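Asker: I would like the atomic coordinates for the input below:
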Amino acid sequence: MDASTLIPAQADLSALKSAAAGCTACELHAPATQTVFGSGNPDAKVLLVGEQPGDVEDQKGVPFVGPAGKLLQRAVAEAGFPAGAVYVTNAVKHFRFELRGKRRIHQTPLPEHIKACNPWVRAEIAAVRPQIVVCLGATAVKALLGSQYRVTRDRGHLMPYENIQALITIHPSAILRMPDDAREQGYADLVRDLSVVVQAV
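Answerer: Residues are numbered from 1 along each chain as shown. The predicted structure is shown next:
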């Protein structure tokens, strides 16, 4: 099934979320608890796109509410965004994982998962109509900008994206995986990148 066949014409976010709940465009829907659609300000000037929901997000049905999400929320506030100013979503809407005992361990989405979910992300962008899209990490970059871009090489500056702008930065989960002595600088770099966006809107 192609996800684009499920997307209502001229759909608002509420209609998109309802339609996405029944998406079976790739096999990830089967083991996942639910589709995790985007959330936040429907009129946001800035839309942030991450990789996929994690274990906490899969259970709660809301993006960026786990440890990485809390770090992102702190960075967004520290960069100078007003409360409730952004919309957040993921390039892939279902949690990809492998079971190890009772634990569900994150697995990176494959290209086919990114492709299957791409109509949903693009529909969200069309509905919100932001000025800037922020790609958090490599999966979001591949989903929206293509494989020619690299997070470490291309992060931190605005670039054209369709008829708006985009900015690449690190995913907050990557900061949580850094060694203790590198994490503070990794977080500061994320805040710096997000500050570029604040200054532009």
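
Asker: what ranges do the strands span in this structure?
Answerer: 39-40, 46-50, 86-90, 97-100, 103-106, 132-136, 158-161, 164-169 (DSSP state E).

Asker: export those to CSV and tack on mean pLDDT, mean neighbour count and distance to residue 22?
Answerer: Bear in mind the C-beta positions are built from the backbone N, C-alpha and C, glycine included. Converted to CSV, the strands of the chain look like this (pLDDT from 0 to 100; neighbours: other Cβ atoms under 10 Å; distance: least, Cβ to Cβ, whole Å):
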stretch, mean pLDDT, mean neighbour count, distance to residue 22
strand 39-40, 97, 18, 18
strand 46-50, 98, 26, 22
strand 86-90, 98, 25, 18
strand 97-100, 92, 12, 21
strand 103-106, 92, 13, 22
strand 132-136, 98, 25, 26
strand 158-161, 96, 12, 29
strand 164-169, 98, 22, 29
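
Asker: turn the ones you listed into TSV, including distance to residue 199.
Answerer: Listed next are the strands of the chain as TSV, based on distance: least, Cβ to Cβ, whole Å:
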stretch	distance to residue 199
strand 39-40	20
strand 46-50	12
strand 86-90	15
strand 97-100	37
strand 103-106	33
strand 132-136	11
strand 158-161	10
strand 164-169	11
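
Asker: and of those, who's closest to residue 20?
Answerer: Nearest to residue 20 among those is strand 86-90 (10.4 Å), distances taken as Cβ to Cβ.

Asker: what's the angle from that closest one to strand 132-136?
Answerer: On the basis of axes from the mean of the first three to the mean of the last three Cα atoms, to 10 degrees, strand 86-90 is oriented at 40 degrees to strand 132-136.

Asker: who's sitting farthest from the centroid in the chain?
Answerer: residue 101 (28.0 Å; Cα atoms, centre = their mean).

Asker: quick one: which of the strands of the chain is nearest residue 17?
Answerer: From these, taking Cβ to Cβ, the stretch that ends up closest is strand 39-40, at 8.8 Å.

Asker: run me through the strand neighbours of that closest one, direction for each.
Answerer: Sheet pairing of strand 39-40 (DSSP bridges) gives strand 86-90 (antiparallel).

Asker: who's in contact with the strand it pairs with?
Answerer: Contacts with strand 86-90, where a contact means Cβ atoms under 8 Å, 6 or more residues apart in numbering, come from 36-42, 44, 46-53, 63-64, 69, 72, 76, 121, 124, 128, 130, 140.

Asker: now swap in stretch 108-115 and tell me
Answerer: Contacts of stretch 108-115 (Cβ under 8 Å, 6+ apart): 26, 28, 51, 52, 91, 92, 94, 96, 139, 142, 143.

Asker: could you redo the last one with a cut-off of 7 Å?
Answerer: Residues from elsewhere that reach stretch 108-115 (Cβ atoms under 7 Å, 6 or more residues apart in numbering): 26, 28, 51, 52, 91, 92, 96, 139, 142, 143.

Asker: got the CA positions of it in CSV?
Answerer: C-alpha atoms of stretch 108-115 as CSV (Å, rounded to 0.1, in the frame of the first residue of the first chain):
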residue,chain,number,x,y,z
THR,A,108,17.5,2.6,12.7
PRO,A,109,14.8,2.8,10.0
LEU,A,110,15.7,1.4,6.6
PRO,A,111,15.4,3.4,3.3
GLU,A,112,12.1,1.6,2.5
HIS,A,113,10.6,2.7,5.8
ILE,A,114,11.7,6.3,5.2
LYS,A,115,10.2,6.1,1.7
